[in-house]
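Participant: All I have is the shape, not the residue letters:
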């Protein structure tokens, strides 16, 4: 029984794999000050609701882009699961080449997404992860990470617009009604500008990356808000919400298969 933990800047995913399939998943708001004991109380209650308990876990893998949280997540595995976790960027072998100038700068989430995409989709890929940031990772046909473009996430952009302009309200992100780009009030105008602006950003960057790469590429969308763009952009070939946990499972299996 594997506990996979994927921590982004906004949310942290806890998922349980029984060797055959994912049997439970939960999300919590990312809080870098949360202790191992606090994680354990929260997680034990959710496990109990699913008919599980801490004692059934015999493996753990952790991916985090929040360095100050790794200590507590590692302690959660050691203290409450009695296992030494695999941690992306520390003691986990990924089995891919990272062909960027400073490989240590590649985020754990981007590496895992690259692996999760490569094992399912053939050929050269663009992996778009829509979260706190919007990342466009280029993955070669052999699985190697070739580079990336990083833009602010759509929610971050909307929040910045509200914070910097005194008369603009805080607005929830959603697709404008009627698919029109012309807002008839302030809220509709903000939603239109940010939503369609991001569709244009996706379409524009995908076209530019494909032009720079010079070969056919398949585009995969994932991340917390990627489904928002389904039907609005023709640049994304597949929307795959399970990319990250699939990548974590693959890394775990590769490490367990080592002699």
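Facilitator: Nice, I can see it. Everything quoted here is computed from the prediction, not taken from an experiment. Numbers count the residues shown, from 1 in each chain.
Participant: how about low-confidence regions in the chain?
Facilitator: For the chain, the stretches flagged by pLDDT under 70 are 259.
Participant: quick one, strands of the stretch 1-150 of the chain?
Facilitator: Per DSSP state E, counting those that start in this stretch, the stretch 1-150 of the chain carries strands over the ranges 2-7, 11-17, 22-29, 59-64, 86-87, 125-130, 133-139, 145-152.
Participant: ok, the one residue sitting closest to the centre of the chain to residue 202 distance?
Facilitator: The centroid of the chain falls nearest to residue 223 when counting by CA atoms, centre = their mean (4.8 Å). From residue 223 across to residue 202, the span is 12 Å (CB to CB, to the nearest Å). Any C-beta I mention is one placed from the backbone N, CA and C, and that applies to glycine too.
Participant: which parts of stretch 210-221 are buried?
Facilitator: Within stretch 210-221, the residues that count as buried by 16 or more other CB atoms under 10 Å are 210, 217, 218, 219, 220, 221.
Participant: closest to residue 154 among the residues you listed?
Facilitator: residue 221 (12.6 Å; CB to CB).
Participant: The closest one against residue 232, yeah?
Facilitator: No: with contact defined as CB atoms under 8 Å, residue 221 does not count as touching residue 232 (11.0 Å).
Participant: who touches the residue lying closest to residue 16 once chain neighbours are set aside in this structure?
Facilitator: Spatially, and ignoring its direct neighbours in sequence, residue 16 is nearest to residue 24 (4.5 Å; CB to CB, 6 or more residues apart in numbering). Each residue near residue 24 by CB atoms under 8 Å, 6 or more residues apart in numbering is listed here: 15, 16, 46, 47, 50, 52.
Participant: One more: residue 44?
Facilitator: Per CB under 8 Å, 6+ apart, neighbours of residue 44: 53, 54, 80.
Participant: count of neighbours near the first one?
Facilitator: Yep, that's residue 53 we're talking about. By the measure other CB atoms under 10 Å, the count of residues near residue 53 is 10.
Participant: Now the top helix by length along the chain: buried residues?
Facilitator: Determined from DSSP state H, the single longest helix within the chain is helix 186-213. For helix 186-213, the neighbour count (16+ other CB under 10 Å) marks 188-196, 198-199, 201-203, 205-206, 209-210 as buried.
Participant: now that helix, how far from the centre of its chain.
Facilitator: Chain-centre distance of helix 186-213: 19 Å, with CA atoms, centre = their mean, to the nearest Å.
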